[in-house]
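Student: Sequence and predicted structure below; questions after.
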Amino acid sequence: MTDQKERITKKTKKVMYIIGLTFAVMFTSCDKMFEEISPAAESEWPWENVSPESQDIAAEDLEGMAEYIENNNLGIHSIIIYKNGTIPFEEYYDPFNEFSLHNLKSTSKGIISALTGIALEEGFIDNIDESILSYLSGYDVDTTGKSNITIRHLLTMTSGLEWNENNLNSMYTFFVNKRIVKRTLDLPLVEEPGTTFNYNTGLTHLLSAIISEASGMSTLEFAQEYLFEPLEIENIEWDTDREGYYIGGSELFLTPRAMTKFGVMYLNGGEYMGRQVIPQDWVTESTKTQVEGSFFGADIKYGYLWWLDIGNPLFTYLEDENRVLAMGTRGQRIFIHPELDAVVVITAEQRDESQCDILIRDFIIPAL
């Protein structure tokens, strides 16, 4: 009996050790929010830094924002405002600066959307109503119903696959197991594809794998040739899964200035410094309502991986249908305001990320 108890105790300890190790790996990976790079590698900043007053921006609102950040001890790393071809506000909070690479988290879904549009324009993808299994044929998948999942369904988060964003299973998929394509394709099909919005980062990873398979390049190589090089973005870190696919929809590290360049390109209909980087039609389509649904109890409107409306008082700054938002956990934001010819970028490690939306709603929008 004593020996049996000892065996049970040892087994229990081993299981608890494995569980503890799994949690440590998961949350260490999840908390990796920034990297440092060599300043010598940074690309040039194409716009002039000017005073807020020169762009009719109320400096007192920005001063109030600075006080609010300090008084509430917020974990803000950077805030950039672009307006009318200038930079009237660019602020970094110690120890961060323009050379710091930040994990965009889900803000990078906007970049996956852009890459999908480019792949379509370049002929690597025939159309977005193709079955995803035509590109991911190397996986043993129960095709019953799943063959009806299309690229469009990935872009609109309407795959019908069972998924609970940010629960332990999804965290394990991304940060421990890292066989993300297979685990996502193996999820049970619980809704008819195209009918129900269910936010799922696994779907944007499938898009990354599809872009890679369709183009014959890694997603990073594809992005460097067709997106980052035209935007003069040189400093990039991007994590991969166990198969070497770059993680779609998270774990992409860029500088705040690079995020600003991307946002300005969308503001200008896919054009950057006189070069059409993304087809204008794709920008229009991806930033108009493609699906309506619910997200954490709020009614939402969603484009192709862009947020267009969120029925929550925090997001009243999205009330006009032309304004769009890419957002990631801990407060990463790219907010595009076409009426004011403005882009707002925030990087942060703010666990109560609603504070970042308060900054936009209560200080930046009134200032503009």
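Tutor: Yep, it's here.

Student: going forward, measure contacts and count neighbours with C-alpha atoms only.
Tutor: OK.

Student: Does Ile247 touch Ile210 like I think?
Tutor: No. Counting by CA atoms under 8 Å, Ile247 stays clear of Ile210, with 11.8 Å between them.

Student: Which one's more surrounded, those two?
Tutor: Ile247 (28 against 25; other CA atoms under 10 Å).

Student: Could you pull up phi and psi at that one?
Tutor: Main-chain torsions, Ile247, degrees, to the nearest 10: phi -70, psi 120.

Student: check contacts around it.
Tutor: His205, Ser208, Trp238, Asp239, Thr240, Asp241 (CA atoms under 8 Å, 6 or more residues apart in numbering).

Student: wait, Glu234 sits on Ala223?
Tutor: No. Counting by CA under 8 Å, Glu234 stays clear of Ala223, with 11.2 Å between them.

Student: just for the stretch 201-350 of the chain, where's the confidence low?
Tutor: Nowhere does the stretch 201-350 of the chain drop to pLDDT under 70.

Student: for it, what spans make up the helices?
Tutor: 201-215, 219-223, 256-267, 280-286 (DSSP state H, counting those that start in this stretch).

Student: What is the last one packed up against?
Tutor: Contact analysis of helix 280-286 by 3 or more CA pairs under 8 Å, 6 or more residues apart in numbering; DSSP states H and E lists helix 109-121 as its packing neighbours.

Student: Need the contact partners of whichever strand or helix holds Ser78.
Tutor: Using DSSP states H and E, Ser78 sits in strand 76-83. Applying CA under 8 Å, 6+ apart, the set of residues contacting strand 76-83 from outside is 55, 69, 87-94, 96-97, 256-257, 260, 264, 340-350.

Student: before we move on, what about stretch 293-305?
Tutor: So stretch 293-305 is in contact with 109-110, 113, 155-157, 196-199, 285-292, 307-312, 326, going by CA under 8 Å, 6+ apart.

Student: What residues of that stretch count as buried?
Tutor: Neighbour-count burial for stretch 293-305, counted by 16 or more other CA atoms under 10 Å, picks out Gly293, Ile300, Lys301, Tyr302, Gly303, Tyr304, Leu305.

Student: May I see those arranged in TSV, with distance to Asn177 as well?
Tutor: TSV is the format used below for the buried residues of stretch 293-305 (distance: CA to CA, whole Å):
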residue	distance to Asn177
Gly293	30
Ile300	31
Lys301	32
Tyr302	29
Gly303	30
Tyr304	27
Leu305	25
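
Student: Return the member of those nearest to Gly64.
Tutor: Closest approach to Gly64 among the buried residues of stretch 293-305 (CA to CA): Ile300, at 30.1 Å.

Student: Tell me how many other residues surround the closest residue to that closest one other than its chain neighbours.
Tutor: Closest residue to Ile300 apart from its sequence neighbours, by CA to CA, 6 or more residues apart in numbering: Ile310 at 4.5 Å. Look at Ile310: counted by other CA under 10 Å, it has 23 neighbours.

Student: circling back: so which of the helices of the stretch 201-350 of the chain is nearest Phe335?
Tutor: helix 256-267 (7.5 Å).

Student: And the contacts of that closest one?
Tutor: 45, 78-80, 82, 98, 100-102, 231, 233, 271-272, 277, 283, 334-338, 341-347.

Student: go on, stretch 104-112?
Tutor: So stretch 104-112 is contacted by 201, 204, 207-208, 248-254, 305-306, 326-329, 332-334, 347 (CA under 8 Å, 6+ apart).

Student: which residues of the stretch 1-150 of the chain fall in helices?
Tutor: 2-30, 59-71, 109-121.
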